[in-house]
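Visitor: please work out how this folds:
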Amino acid sequence: MPREFKKTEEAVKESYVRDVTGEWLRATPEIMDAKKVFADRLVNEFGYTPEQIQTKPEFYIKKGSQRIGPADIVVFRDAKNKIQENIWIIVETKRKERSDGIDQLKTYLSPCKGAKAYLKLVIIIFMPMKVY
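Guide: Take a look at the predicted model:
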């Protein structure tokens with residue numbers, strides 16, 4: 001008979017971590033080395049509020065009526081309007097050995113006219129961390 005698994009508070013603490021928005025994220029290498037670090041920097045170094053940032057659920061970018069993918073981190077101009085037209089910054093995180101983040105980010109930015117100017121900024125500042 002299979003053993004029943006129940007999420008205990010200890011199990012959750014060991015395999016999940018809270019990000020700056022208060023959401024619980026699975027503690028994968030990508031989350032711990034890039035996504036959480038970058039979200040923390042957006043708040044602590046760049047002055048965005050946790051309410052402006054969405055990490056979970058990931059924000060799905062649309063082109064017309066088609067969903068083209070979930071962005072790892074989205075920063076909105078203000079916290080009240082979390083819609084695609086209000087996106088200020090899109091961050092796509094990848095593990096160090098992956099290199100497909102730039103093309104993926106360009107795909108996400110193409111339907112987000114207000115966020116286009118920030119592609120270069122994000123890549124230049126955060127390239128050493130392999131955060132695109």
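
Visitor: tell me the secondary structure for residue 42?
Guide: Following DSSP: H, G, I helix; E, B strand; the rest coil, residue 42 is assigned to helix.

Visitor: tell me who's in contact with it.
Guide: 20, 48, 53, 73, 75, 89, 91 (CB atoms under 8 Å, 6 or more residues apart in numbering). C-beta: built from backbone N, CA, C; applies to glycine.

Visitor: again, only using 6 Å
Guide: Applying CB atoms under 6 Å, 6 or more residues apart in numbering to residue 42 gives the contacts 48, 53.

Visitor: ditto for residue 104
Guide: Residue 104 makes contact with residue 92, according to CB under 6 Å, 6+ apart.

Visitor: against residue 110, how distant is it?
Guide: 11 Å (CB to CB, to the nearest Å).

Visitor: again with residue 17
Guide: For residue 17, the distance to residue 110 equals 32 Å [CB to CB].

Visitor: which of these two has more residues huddled nearby?
Guide: Per other CB atoms under 10 Å, whichever of residue 17 and residue 110 has more neighbours is residue 17, with 17 against 13.

Visitor: tell me what the more buried one is bridged to.
Guide: residue 25 (DSSP bridges).

Visitor: that one against residue 26, yeah?
Guide: No - taking contacts as CB atoms under 6 Å, residue 17 lies outside contact range of residue 26: 8.2 Å.

Visitor: where do the helices sit along the chain?
Guide: According to DSSP state H, the chain carries its helices in the segments 9-15, 29-30, 36-44, 101-109, 119-126.

Visitor: lowest average pLDDT across those helices?
Guide: Here the lowest mean pLDDT among the helices of the chain goes to helix 119-126, at a mean of 38.

Visitor: what about the chain, any weak spots by pLDDT?
Guide: For the chain, residues meeting the criterion pLDDT under 70 lie at 1-14, 95-99, 115-132.

Visitor: thank you kindly, that will do.
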